[in-house]
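Enquirer: from the sequence below, what's the structure:
(chains A, B, C and D)
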There are 2 protein chains.
Amino acid sequence: MGTAVGGERSGPRYVQIADEIVQQIRAGVLKPGDMVPSESELVERYGVSGGTIRKAMVEVRASGLVETRHGKGSIVKDRPPVRLRSSDRFRRSLRQGGKAAYLAESAQSGAEAKVSVLYIGPMDAPEDAASRLGVPVGTKVLARRRLYFRNGTPTETATSYLPWDVVKDIPELFAENPGGGGIYARLEDHGHEFAEFVETLQARPASKVEATELALSSGAPVVHLIREARTTAGVVVEVCDTLMAADQFIFEYRIPAAD
Amino acid sequence: MGTAVGGERSGPRYVQIADEIVQQIRAGVLKPGDMVPSESELVERYGVSGGTIRKAMVEVRASGLVETRHGKGSIVKDRPPVRLRSSDRFRRSLRQGGKAAYLAESAQSGAEAKVSVLYIGPMDAPEDAASRLGVPVGTKVLARRRLYFRNGTPTETATSYLPWDVVKDIPELFAENPGGGGIYARLEDHGHEFAEFVETLQARPASKVEATELALSSGAPVVHLIREARTTAGVVVEVCDTLMAADQFIFEYRIPAAD
DNA sequence: TAGTGGTCTAGACCACTTG
DNA sequence: AAGTGGTCTAGACCACTAC
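Expert: Predicted coordinates:
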């Protein structure tokens, strides 16, 4: 019932239902923290079968506005107050001001950031990092692996790789907190002057494991960002491999028109 | 029957099946251009119901290795020979060499590129473009909307917005082909000297309409890139709004360590 | 017309979460 | 134990693509 007359809406029923739920969230009828009605309730409300509601909820999840947990239900996520990754974030002046890159940004967008260190220590260089660092695969490097939270939800995993030669005389790099200005400031303290940072980005659907790690619904897009930090001596002193929940970030780059 | 013995594989059946199909593609058992067996055939082969195969194929599509068309079947896509969007692409020297940005890149990666012009003409400035250009919403601007193909498949839609004041004396900008070096070269010919380009990127799942436009399976990730071209006079003379199939591109940006 | 994918149903059973 | 989402089935019907 309820379909035959009226609007003659187009498209599959499950899309209509999904849109309707998404609209309710965007319009504020369902606020962050609220539970979406259970699937059985939606079955009654819309007078369709369970499978149809199921498909609708898949669409709703894909919108990124909702997080579903087995046995519990779907909860409206906190509005993703997206973080701006400006290319200004590597300015020397910010480091000298004592702020690390991610804190500088979080401060800007008024969000509560947290970092959890997963591992700091020696590691055999994986293939991609090795080639970027210009060392043979399997060479001992320092790895710093961490997980970033934003308002309580994991948004980003990052692993830095640094050549052992470079780090062996800089004890701060083995500490969880490398001190004001972050690891780049420590590297500068020890005579490594940065020339440029090169970032490559690629967006793709999250794999199952990545999805769980970042608390995403599987298939949600992630951004894979790899940064090389190059010194004026022409050496890559860090490779940083990070994976981000795509809906949490907007990236901004300024390209000088030089040449 | 068929399942009970053997590997005791883990996870839902539809994921196992999806993985198996994806493996066959990666291993080359199914080559680009090949048709994936029809769903009814897979139902027989795996001895499961249609719904299960259906879900498996959703996963396979999400991998981006396959394109499905209603009434026809699923075909293994050409391996995405990803295109590198280097931030070098706006170098003045390239324009003076007579190449437009996208051609310069395509040449690099040895792929056959094509552009189809969808619309060139006046348009009331949409909200986002207007604010970036610093004009009121609805002001008349020149819009240049086009669709880029790569090896026959659509990969990118792009719409440029230019203030009418700027373009009214540059007839080449109303032509499909604005001549060697592209529109940026023409703008420079007329005294607009570029200072910098600012690009913002965001990745998200494609909406239904975007998916059809770019021949993607709905929900596949897209990258939304917006570029502002700023002159030394401090004016934004172009806003370019583009939407790309995420699996077709890798982005690279060089960030000078200045300051 | 025959074969394909796309939608929808009605119901069974399982797995997780909460009281 | 009751309620939730997750998987799977068996089958109907529709819409698109070929021939």
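
Enquirer: can you list the weak-confidence ranges in chain A?
Expert: Regions of chain A meeting the criterion pLDDT under 70 cover residues A:1-9, A:79-81, A:97-112, A:208, A:218, A:259.

Enquirer: the same query, at a cut-off of 50, please.
Expert: For chain A, applying pLDDT under 50 flags the ranges A:1-8.

Enquirer: how is chain A divided into domains?
Expert: For chain A, automatic domain parsing gives the domain ranges A:13-76, A:83-252.

Enquirer: show me where the stretch 1-150 of chain A has strands.
Expert: Assigned by DSSP state E, counting those that start in this stretch, the strands in the stretch 1-150 of chain A fall at A:35-36, A:66-69, A:73-76, A:83-86, A:113-124, A:140-150.

Enquirer: quick one, which of these is nearest to chain B?
Expert: Of all the strands of the stretch 1-150 of chain A, it is strand A:83-86 that lies closest to chain B, at 8.3 Å by C-beta to the nearest C-beta. Where you see a C-beta, it was placed from the backbone N, CA and C, and this is true even at glycine.

Enquirer: just the CA trace of the closest one, in CSV.
Expert: Only the C-alpha atoms of strand A:83-86 are listed here, as CSV (Å, rounded to 0.1, in the frame of the first residue of the first chain):
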residue,chain,number,x,y,z
ARG,A,83,39.8,18.0,8.4
LEU,A,84,41.7,20.1,5.9
ARG,A,85,45.1,18.8,4.9
SER,A,86,46.6,22.0,3.6
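
Enquirer: buried stuff in it?
Expert: Burial within strand A:83-86, assessed by neighbour count using 16 or more other C-beta atoms under 10 Å in any protein chain shown, is assigned to A:83, A:85-86.

Enquirer: helices or strands next to that strand in the packing?
Expert: When contacts are defined as 3 or more C-beta pairs under 8 Å, 6 or more residues apart in numbering or on different chains; DSSP states H and E, strand A:83-86 packs onto helix A:101-108, strand A:249-256.

Enquirer: pull up the pairing partners for that strand, direction included.
Expert: Strand pairing for strand A:83-86, using DSSP bridges, gives strand A:249-256 (parallel).

Enquirer: now do the strand it pairs with: everything it contacts.
Expert: By C-beta atoms under 8 Å, 6 or more residues apart in numbering or on different chains, the residues outside strand A:249-256 that reach it are A:82-88, A:155, A:199, A:201, A:223, B:87, B:90, B:195-202, B:253, B:255-256.

Enquirer: now that strand: buried residues?
Expert: A:249-255.

Enquirer: swap in stretch A:143-162?
Expert: In stretch A:143-162, counting by 16+ other C-beta under 10 Å, buried: A:143-148, A:150-151, A:154-162.

Enquirer: go on, stretch A:183-197?
Expert: Quick answer for stretch A:183-197 (16+ other C-beta under 10 Å): A:183-188, A:192, A:194, A:197.

Enquirer: same question, stretch A:211-222
Expert: Using 16+ other C-beta under 10 Å as the test for burial, stretch A:211-222 gives A:211, A:213-214, A:216, A:218-222.

Enquirer: those in strands, which ones?
Expert: Of the buried residues of stretch A:211-222, the ones assigned to strands by DSSP state E are A:221-222.

Enquirer: I'd like the domains of chain A as a markdown table, with distance to residue B:69 appended.
Expert: Shown next, in a markdown table, are the domains of chain A (distance: least, C-beta to C-beta, whole Å):
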| stretch | distance to residue B:69 |
| --- | --- |
| domain A:13-76 | 19 |
| domain A:83-252 | 20 |
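
Enquirer: which of these has the highest mean neighbour count?
Expert: Greatest average neighbour count among these goes to domain A:83-252 (a mean of 18), per mean count of other C-beta atoms under 10 Å in any protein chain shown.

Enquirer: ok, back up a step: nearest to DNA strand C, of the domains of chain A?
Expert: domain A:13-76 (2.3 Å; C-beta to the nearest atom of the strand).

Enquirer: chain center to the closest one: distance?
Expert: In terms of C-alpha atoms, centre = their mean, to the nearest Å, the centre of domain A:13-76 is set 24 Å apart from its chain centre.

Enquirer: stretch A:190-197 close to chain B?
Expert: Yes. Stretch A:190-197 lies within reach of chain B by C-beta under 8 Å from any C-beta of the partner chain, at A:193-197.

Enquirer: just to revisit the earlier point, and which of the buried residues of strand A:83-86 is nearest DNA strand D?
Expert: Within those, proximity to DNA strand D (C-beta to the nearest atom of the strand) peaks at residue A:83, which comes in at 27.3 Å.

Enquirer: hang on, that closest one packs against residue A:156?
Expert: No. Counting by C-beta atoms under 8 Å, residue A:156 is not a contact partner of residue A:83; they are 9.2 Å apart.

Enquirer: find residues that contact each of those two.
Expert: Common neighbours of residue A:83 and residue A:156 (criterion: C-beta under 8 Å, 6+ apart): residue A:248.

Enquirer: any chance of a markdown table for the domains of chain A, columns distance to DNA strand C?
Expert: Output for the domains of chain A, formatted as a markdown table (distance: least, C-beta to the nearest atom of the strand, whole Å):
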| stretch | distance to DNA strand C |
| --- | --- |
| domain A:13-76 | 2 |
| domain A:83-252 | 12 |
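
Enquirer: of all the ones you listed, which one is nearest DNA strand D?
Expert: domain A:13-76 (3.4 Å).

Enquirer: the closest one near chain B anywhere?
Expert: Yes. Domain A:13-76 reaches chain B (C-beta under 8 Å from any C-beta) through A:15, A:62-64.

Enquirer: could you check whether that domain is close to DNA strand D?
Expert: Yes. Judged by C-beta under 7 Å from any atom of the strand, domain A:13-76 comes into contact with DNA strand D at A:36, A:38-41, A:50-51, A:54, A:57, A:68-74.

Enquirer: out of those residues, the closest to residue A:167 would be?
Expert: Within the residues of domain A:13-76 next to DNA strand D, the smallest distance to residue A:167 is 40.6 Å, found for residue A:69 (C-beta to C-beta).

Enquirer: apart from its neighbours in sequence, what residue is nearest the closest one?
Expert: Distances taken as C-beta to C-beta, 6 or more residues apart in numbering or on different chains put residue A:75 closest to residue A:69, at 7.6 Å, once the chain neighbours are dropped.

Enquirer: quick check: closest non-adjacent residue to residue A:96.
Expert: Closest to residue A:96 by C-beta to C-beta, 6+ apart is residue A:181, at 6.8 Å.

Enquirer: is it true that the one you found touches residue A:92?
Expert: No. Contact criterion C-beta under 8 Å: residue A:181 and residue A:92 do not qualify, at 9.2 Å.
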